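**Q** fold the following.
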Amino acid sequence: MTDLFAPEKVVVIAGPCAVEAREQVMEVARVVSEEGAKILRGGAYKPRTSPYSFQGLEEEGLKLLAEAGETYGLKTATEVTDTEHAEIVLRYVDIVQIGTRNMANFALLKKIGRLTSADGRPVILKRGFSSTIEEWLLASEYITGAGNPNVILCERGIRTFETATRFTLDLSAIPVVKKLSSHPIIVDASHSTGNRDMVIPMSRAAIAAGADGIMVEVHPNPKKALCDGAQSLTPGQFSQLMEEIRPIVSAVRRDLG
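**A** Below is the predicted model:
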């Protein structure tokens, strides 16, 4: 696995839900870099429940994400949503993400595995929101079986009867995956809760439970975000998150990348 996800490290992935404009993504990249994040996330192709929601800037968004990452010394990660866009996405980013809706899109998993097999580029595979851990791990084998062993598993909450949160964050998946798989496991504390007030507590809990990293959304002005503003941290809140997780990272005898 890439050195970025070494056993002694906890990696912070942060950035906007979607790349909306150059000024926005550059500001977020500056903030998260200064606070110690190592990977800048940002959506360019956005699979949305409503066809009337913002769908992303597509290739222009990828260019802006790559520019921001290069400017501030960050690795970049974005979601690939369709086999049609796979080659385009891989031109620009260091890490490719498969979202929850595509966990069982086996054609996409195999294609990404093939396309990344030569350079071993890391692939973040999010758990399907209605998937068991076994199904999730089997899905990862479509990628590894196609030639790329560098899979990073991402717990992002599962759908249950509970309505107080967007999804139910299954932190018990962390020790289960640690026992059954050699892949790193990270936690998306933003999508799982859907509420920025819960992101910091769940990030602390994820690291205490043994997660190899956390993924959070950050926006300069969440109230004006074109998608998922309710779960996005402000720059000040991201600074608070980093301050609060440092002693926990130290307590579990790891460091922040």
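
**Q** now for the top helix by length along the chain, which elements pack on it?
**A** Longest helix in the chain by number of residues (criterion: DSSP state H): helix 235-251. The elements that helix 235-251 packs onto, with contact taken as 3 or more CB pairs under 8 Å, 6 or more residues apart in numbering; DSSP states H and E, are strand 11-15, helix 22-35, helix 196-208, strand 213-217. All C-beta spots, glycine's among them, are computed from the backbone N, C-alpha and C.

**Q** what sits up against the second one?
**A** What it means is helix 22-35. With contact meaning CB atoms under 8 Å, 6 or more residues apart in numbering, helix 22-35 is reached by 12, 14-16, 19, 40, 42, 64-65, 67-69, 71-74, 218-220, 235, 238-239, 242.

**Q** those residues, buried ones only, as a PyMOL selection?
**A** Burial among the contacts of helix 22-35 is assessed by 16 or more other CB atoms under 10 Å; the matching PyMOL selection reads:
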select buried, resi 12+14+15+16+19+40+42+64+65+67+68+69+72+74+218+219+220+235+238+239+242
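
**Q** could I get the buried residue list for the longest helix of the chain?
**A** Pro235, Gln237, Phe238, Ser239, Leu241, Met242, Ile245, Ile248, Val249.

**Q** how near is the third one to Ser250?
**A** Counting by CB to CB, to the nearest Å, the separation of Phe238 from Ser250 is 19 Å.

**Q** same question, the first one
**A** To Ser250, Pro235 is 24 Å away according to CB to CB.

**Q** just the fourth one next, same as before
**A** Using CB to CB, one gets 18 Å for the distance from Ser239 to Ser250.
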